[in-house]
Every structure is written in structure tokens, then in C-alpha cells.
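J.: would you be able to build a 3D model of this:
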Amino acid sequence: MYGRGRSDSGSGMEQMRMKQKKLSELAVRGLLAAVLILAGILCVYPFLYVFSMSVSAPEHVLRKDVTFLPRGLSLEGYGLVFENPTVWRSYRNTILYTVFGTALNMVLTVLAAYPLSREKFVLRRPVSILITVTMYVSGGMIPFFIVVTNLGLYNTPLAVILPFAVSAWNIIIARSRFPNRSCPFCFCIMP
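T.: Next up, the predicted model:
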């Protein structure tokens, strides 16, 4: 009986420790939840504020009445923005740069990565080293500008697309994904 009483009191202490552990864990989780909710509100509020200002009536915006929700619904601001032809030209440029830049990057990356993935390619190691060095060493902004200007690309869409058509990092990633087979498109079926 003596041993049993001891184990009961030991299990009682054990249960009390478990309750304290659960309470402290619950307190930590509650504090973390509060911090994350506060961080979420701090991140979302600026976007909500800008949206509320953009759809509020101009007189409320000028009086600074808008703080959280829109007041006096008005889409005049959006009408003014979309009447400007520069906005549409900017959207066209964005789509052009994205579509053609991505397509050119993919083609040039695969064309560079496939030979580098072949063990029989004699210049594999020196070319890989040269490509890797370009990730760490660059000429800088001013030499880049001079090269773009001397090539006659200044103030053209090609000035945005061509200089960034190949990425050393993308070549290294693509090279590692090619299997050691003869088919250059077999990487699509690799797990």
C-alpha cells in the first residue's frame, strides 16, 4: 500500500506538471496567434486603405474622411487612369516583355544547358566554370549601360529583353535536370 500511495501522489504531481505544461503551451500559442493576426492586419491595411481611397468620392478623399472603408462610391479615378494611352502602352509592354522574354530565356537556357549535361562534351568543365563565374562577378551598372548604348539598344524593347535573355542560375538548374540520355526533352518525364 505504501508503494501504491507513492505512485498515486507521483501521478498527481505528474498530472499537475502536464496541466502547467498545457497552460504554458496554450499561452505561447495564444501569444503567437495574436502576433500573427496583428502582423496580418498591418500587412493588409495599406492595401485596403489604397483601395478605399481609389473607390471613394473625391470630396471625401480631399477631406481625409476615408480611413478604413470607402465613402461615397466613385470610379472616376479608374476612368481617368484608363483614358490615358500611356497606361495601355505600359500594359502592352509588360505583356510583350513577359511573353517574349520568357520564351527567349527558355530557349537559350535549354540550348546552353543540354550540351553541358553531356559527359562527352569536351568543353563541359571550362564552360561551366565560366558560366558560374558570371554569377559572382559582374561589370556593374555603368559598363552595362555603355554596352547597351553601343549596341544601339538604348530606348528600345530589346534593351529590356536581350540583356537578361540568359541566366547562369537557370542554366545550372536546367543542366542538372537533364537525364544522361540522348533525348533533350526526356527531362519532362523525369520524376
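J.: residues near Tyr114, how many?
T.: Using other C-beta atoms under 10 Å, the number of residues around Tyr114 comes to 18. No exception for glycine: its C-beta is placed from N, CA and C like everyone else's.
J.: which is the next helix or strand following the helix or strand where it lies?
T.: Tyr114 belongs to helix 85-117 when elements are defined using DSSP states H and E. Next helix or strand after helix 85-117 toward the C-terminus (DSSP H and E): helix 124-136.
J.: mind listing what's buried along that next one?
T.: Buried residues in helix 124-136, defined by neighbour count with 16 or more other C-beta atoms under 10 Å: 128, 131.
J.: if we can go back for a sec, compute the inter-axis angle for the helix holding Tyr114 and helix 124-136.
T.: Put simply, helix 85-117 runs at 150 degrees to helix 124-136, going by axes from the mean of the first three to the mean of the last three C-alpha atoms, to 10 degrees.
J.: pLDDT on helix 85-117, on average?
T.: Per-residue pLDDT over helix 85-117 has a mean of 94.
J.: and for stretch 159-166?
T.: For stretch 159-166, the per-residue pLDDT values average out at 92.
J.: go ahead and name everything in contact with that stretch.
T.: Contact partners of stretch 159-166, identified using C-beta atoms under 8 Å, 6 or more residues apart in numbering, comprise 97, 100-101, 104-105, 108-109, 112, 144, 147-148, 153.
J.: perfect, that will be all.
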